[in-house]
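[1] prediction below, plus the sequence it came from.
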Amino acid sequence: EIRKLRARHNVAFNAGAPLPEFSESPPVLHPVLRHHPITGDEVVFVNEAYVSQIEGLPEDESQQLLRQLRSRLTQRYRHRWQEGDVVVWDNH
């Protein structure tokens, strides 16, 4: 179940192009799903830049799940502006 999974975050991963200046930074595990701090909504907490693997899954399954999650997270949003519109980007 995805709610029990944890992702390995590491700034040195840098989307697969390692940053030597962060090579001493240890990876940190975070839940794949977490709750938005204000709304309480369940949100996906992975990104291409820092997440290299899902803990406890074989490498091929981990990469497949990350690809699926990332494809959902990178969908584009287009807005047709009308007078009085306000658009807010929430990075939480």
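    Cool, the structure landed.

[2] where does Val43 sit, in terms of helix or strand?
    Using DSSP states H and E, Val43 maps to strand 42-44.

[3] so which elements touch that strand?
    Taking 3 or more CB pairs under 8 Å, 6 or more residues apart in numbering; DSSP states H and E as contact, the helices and strands that strand 42-44 lies on are strand 33-35, helix 59-73. C-beta here means a position set from N, CA and C on the backbone, and glycine is covered the same way.

[4] rerun that using 7 Å as the cut-off
    Here strand 42-44 touches strand 33-35, going by 3 or more CB pairs under 7 Å, 6 or more residues apart in numbering; DSSP states H and E.

[5] for the strand it packs on, what does the pLDDT average out to?
    Mean pLDDT, strand 33-35: 94.

[6] let the chain start at 35 from now.
    Sounds good: first residue 35 from here, last item strand 67-69.

[7] that strand pairs with which strands?
    strand 76-78 (antiparallel) (DSSP bridges).

[8] quick one: the strands in this structure, in order.
    40-43, 62-65, 67-69, 76-78, 85-88 (DSSP state E).

[9] list the contacts for the residue nearest the centre of the chain?
    By CA atoms, centre = their mean, the chain has its centre lying nearest to Val80, at 1.6 Å. By CB atoms under 7 Å, 6 or more residues apart in numbering, the contact set of Val80 is 41, 66, 100, 103.

[10] what separation do you get for the second one and Gln102?
    The one in question is Val66. 11 Å (CB to CB, to the nearest Å).

[11] with the first one instead?
    Distance check for Ala41 against Gln102: by CB to CB, it reads 13 Å.

[12] and Ser59, by the same measure?
    Applying CB to CB, the value for Ser59 to Gln102 is 27 Å.

[13] quick one, which of these two is more surrounded?
    Between Ser59 and Gln102, counting by other CB atoms under 10 Å, Ser59 is the more crowded of the two (13 against 10).

[14] the more buried one against Asn44, yeah?
    Yes. If you go by CB atoms under 7 Å, Ser59 and Asn44 touch, sitting 6.3 Å apart.

[15] pLDDT weak spots in this protein?
    125-126 (pLDDT under 70).
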